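[1] pasting a predicted model and its sequence here:
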Amino acid sequence: MLMAGRAAFRFVASGNYNNYKHMNKETILSKISDLLDQYKPDSISNFPIWKTIEIGGQSLSQIQKEIKKNKIQVSRYANDIFKKTPLAKKKSKLNLVLLTVKELGFENGATYKEICDKAKSLGLELCPAETGIQLRLQYLDQPNYEWNYIAMEPITGSDGDLILFSVERDDNDLWLHSDDGRSDRFWHSGDRFVFSLPQV
């Protein structure tokens, strides 16, 4: 929507606008509205990089030591899927994008499947599950009361539930948390999801 707003502004501010001086106010507003309606992100360049993290190259025991060292809290269900998370052997950089459900076009919220499908259609990707763990370790200055959910393929917990990682700071405690990863789970417009840009 930000890019669409810029496109509309360029229409109004450009010299070409002089060509439309004969139009009345309603016609001009209609023209701007058309620009907004027609805009669809068709390139990953439309999404600013929120954070770049490094994934891979660490064993489970090494990560556990880092978690303890940084006094990170791990919830019961997050710990459950933590032990099942595939860890990349080689180190690599991952560019992340942070978007609310509303920014994806869902004014009234959406299911997890709808959120993921929309993000993929815009050129974004689901994050490797390890992203939740590494983002928690590398985002130590997270603002208090910020909750970010990792858009990922859910991992099945020991009780059969589908689970996502979330990265949170609550009462100044840093948390690797978890949430419901069912495809029909409904999310509100203000919920924030972390996606990844395709690796080049």
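    Good, I have the coordinates.
[2] restricting the selection to alpha carbons, write stretch 168-184 to CSV.
    In CSV, the C-alpha atoms belonging to stretch 168-184 read as follows (Å, rounded to 0.1, in the frame of the first residue of the first chain):
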residue,chain,number,x,y,z
GLU,A,168,8.8,-12.2,22.2
ARG,A,169,9.9,-9.8,24.9
ASP,A,170,7.5,-9.7,27.9
ASP,A,171,8.2,-7.9,31.1
ASN,A,172,11.8,-7.5,29.9
ASP,A,173,12.3,-11.2,29.6
LEU,A,174,13.4,-12.5,26.2
TRP,A,175,11.3,-15.5,25.1
LEU,A,176,11.5,-18.2,22.5
HIS,A,177,7.8,-18.9,22.6
SER,A,178,5.3,-20.9,20.4
ASP,A,179,1.8,-20.7,19.0
ASP,A,180,-0.8,-22.6,17.2
GLY,A,181,0.3,-23.6,13.7
ARG,A,182,-2.9,-25.0,12.3
SER,A,183,-3.8,-23.9,8.8
ASP,A,184,-7.3,-22.7,9.9
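[3] so where's the chain uncertain?
    1-45, 200 (pLDDT under 70).
[4] next one: the most centrally placed residue in the chain from Tyr149, what distance?
    In the chain, the C-alpha nearest the mean C-alpha coordinate belongs to Val194, at 2.3 Å (CA atoms, centre = their mean). The gap separating Val194 from Tyr149 is 7 Å, by CB to CB, to the nearest Å. Where C-beta positions appear, they are placed from N, C-alpha and C, glycine not excepted.
[5] now do the shared contacts for those two.
    Common neighbours of Val194 and Tyr149 (criterion: CB atoms under 8 Å, 6 or more residues apart in numbering): none identified.
[6] distance of Ala151 from Arg185?
    12 Å.
[7] cool, and Arg76?
    For Arg76, the distance to Arg185 - CB to CB - is 19 Å.
[8] can you show me the strands along this structure?
    51-55, 73-74, 92-100, 110-111, 147-150, 155-156, 162-170, 173-180, 186-187, 192-196 (DSSP state E).
[9] buried ones in the first one?
    By neighbour count with 16 or more other CB atoms under 10 Å, strand 51-55 contains the buried residues Ile53, Ile55.
[10] and it, what does it pack against?
    strand 92-100, helix 130-138 (3 or more CB pairs under 8 Å, 6 or more residues apart in numbering; DSSP states H and E).
[11] that one versus helix 130-138: what angle between them?
    110 degrees (axes from the mean of the first three to the mean of the last three CA atoms, to 10 degrees).
[12] do I have it right that Pro198 meets Leu122?
    No - at 11.6 Å, Pro198 does not count as touching Leu122 under the criterion of CB atoms under 8 Å.
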